[in-house]
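Asker: With the sequence up front, the predicted model follows.
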Amino acid sequence: MKFTLLSASVISALALLPGAHAWGKEGHAIVATIAELHLDPTVLPTLCSILNPSRPGGSCSLASVASWADEIRNRMKWSGPMHYANAVADHPPQLCLFPGAKGWEGDVNVLKGIRNTTDLLSQWVQQGSDLSDPIASEALKFLIHFAGDMHMPFHLVGRARGANDIFVKWGNRKVKLHGMWDGNLVDRAIETTPSDWEQQLGSEIEHHLHGDHYDPLIRKVLVQGINQTWAGEVQSWVQCPAASSALPRGDDQTVLQSQREASDTDDGSVCPWHWASPIHQLTCDWVWPKQLEQPPYNDHQGPLLELDTDEYGGKITREWVVEKLLTMGGIRLASILNLIFTQQKGN
Ligand code: ADE
Ligand code: ZN
Ligand code: ZN
């Protein structure tokens with residue numbers, strides 16, 4: 001009996017560890033909270049009714065369901081490949097293809113996941129918003145989660161299973177390069193947020209914060225990021241190329257193929273491929289450490305590369321790289337949800 005109880009608690013403790021297929025729980029909660037803070041006033045009540053149909057009019061938080069898609073991965077095996085987008089011929093940093101002429105691995109990916117859940121929820125609104133339809137709640141929880149995954153650079157790269165098979169050092173600890181981005185770098189961004197941000201902001205913002213240790217990071221990105229440093233570019237984060245410029249131009253086969261892939265998932269207002277492309281490019285530029293390609297680090301038997309350095313970890317902290325990716329995820333998620341849930345029936 002004791003043994004069973006102990007194993008049960010060990011198993012549930014393991015379930016709380018960040019999964020290998022997502023920003024950790026914190027990253028997803030941060031994206032969802034930033035989105036919640038940018039919703040149209042009428043939209044959150046609708047989302048809460050979808051998530052808790054037995055308590056219509058009740059309150060809820062998007063952060064609390066942001067990791068549901070990871071929790072059900074084992075039960076819903078088919079959903080695994082929906083957490084990332086791997087291009088067949090891509091091989092950063094040497095070859096940067098998103099997706100290039102050979103296209104994507106498999107039939108589903110995170111970009112298509114965002115398109116499908118967006119379309120599903122739009123249809124649900126068009127068809128009269130039936131709260132007894134369980135599909136809406138699942139689609140919403142997947143969408144909240146995938147908006148986070150799409151902003152994690154290694155979820156856009158197939159090489160070494162998105163660097164899940166690459167080991168490096170983070171402050172002398174052996175970690176997976178993928179997991180370092182999912183968890184350690186988010187933890188670092190939270191830890192290095194100055195304690196000034198423990199001060200509360202206005203009640204309209206604080207109402208959406210629930211005493212989590214990442215609250216200071218949220219206050220910091222709202223005030224210093226969105227309203228100051230990134231103020232001039234935030235609008236461009238949610239823009240999509242006009243439908244006509246997404247049409248194939250010229251006769252370059254690679255361009256043709258990428259744009260055909262883009263048109264699968266992108267339209268003039270929700271364009272996951274267009275949004276994800278510069279994040280994929282980051283992996284080719286510097287997120288995949290170039291030293292890993294050369295001796296002694298290119299050898300499985302060789303030493304592990306330390307990334308908690310001024311050049312790598314320090315750059316990420318100084319330039320708010322993780323804060324910006326999480327914020328872009330939140331702003332884009334809010335934009336998609338506002339679009340779906342403020343459209344008029346029949347439009
Ligand atoms: N499994 C295979 N490829 C992956 C990726 N890019 N991200 C997460 N898990 C994966
Ligand atoms: Zn995920
Ligand atoms: Zn991951």
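Answerer: Now that the structure is in, tell me what you want to look at. From a predicted model like this one, the values you see are computed outputs, not experimental measurements. Ligands and ions are numbered 1, 2, ... in the order given.

Asker: quick one: low-confidence parts of the stretch 101-250 of the chain?
Answerer: 243-250 (pLDDT under 70).

Asker: State the number of residues packed around whichever residue of the chain sits closest to ligand 3.
Answerer: The nearest approach of the chain to ligand 3 comes at residue 182, 4.2 Å away (CB to the ion). C-beta here means a position set from N, CA and C on the backbone, and glycine is covered the same way. By the measure other CB atoms under 10 Å, the count of residues near residue 182 is 28.

Asker: Now do the same for it: helix, strand or coil?
Answerer: Three-state call for residue 182 (DSSP: H, G, I helix; E, B strand; the rest coil): helix.

Asker: Next: the one 4 residues further on.
Answerer: Remark: residue 186 carries the secondary structure label helix [criterion: three-state DSSP].

Asker: helix/strand/coil for the residue nearest to it when sequence neighbours are not counted?
Answerer: Spatially, and ignoring its direct neighbours in sequence, residue 186 is nearest to residue 27 (4.6 Å; CB to CB, 6 or more residues apart in numbering). At residue 27 the chain is in helix, as set by three-state DSSP.

Asker: right, and the residue of the chain closest to ligand 3 touches residue 23 too?
Answerer: Yes - between residue 182 and residue 23 there is a contact at 5.3 Å, judged by CB atoms under 8 Å.

Asker: what residues are shared contacts of those two?
Answerer: residue 152 (CB atoms under 8 Å, 6 or more residues apart in numbering).

Asker: which other residues reach stretch 159-171?
Answerer: 20, 84, 86, 90-92, 154-155, 157, 174-181, 184, 288-289, 292, 304-308, 313.

Asker: Try it again at 6 Å.
Answerer: 20, 84, 91, 154, 174, 176-178, 180, 184, 304-308 (CB atoms under 6 Å, 6 or more residues apart in numbering).

Asker: Buried by neighbour count, from the residues you listed: which ones?
Answerer: Taking 16 or more other CB atoms under 10 Å as the criterion, what is buried in the contacts of stretch 159-171 is 20, 84, 91, 154, 176-178, 180, 184, 304-305, 307-308.

Asker: Sort out which of the residues you listed are in helices and list them.
Answerer: Secondary structure assignment by DSSP state H places 177-178 of these in helices.

Asker: The residue of the chain closest to ligand 3 and residue 29, how far apart?
Answerer: 13 Å (CB to CB, to the nearest Å).

Asker: Give me the common contacts of those two.
Answerer: If you check residue 182 and residue 29 against CB under 6 Å, 6+ apart, no residue is contacted by both.

Asker: can you pull the pLDDT of the residue of the stretch 51-200 of the chain found nearest ligand 2?
Answerer: The stretch 51-200 of the chain approaches ligand 2 most closely through residue 83 (3.6 Å), counting by CB to the ion. With respect to pLDDT, residue 83 scores 97.

Asker: ok, how many other residues are close to it?
Answerer: Residue 83 - counted by other CB under 10 Å - has 26 other residues nearby.

Asker: and if you look at residue 189?
Answerer: 25.

Asker: now swap in residue 293 and tell me
Answerer: Counted with other CB under 10 Å, residue 293 comes out at 11.

Asker: Torsion angles phi and psi at it?
Answerer: With angles defined as degrees, to the nearest 10, residue 293 sits at phi -90, psi -10.
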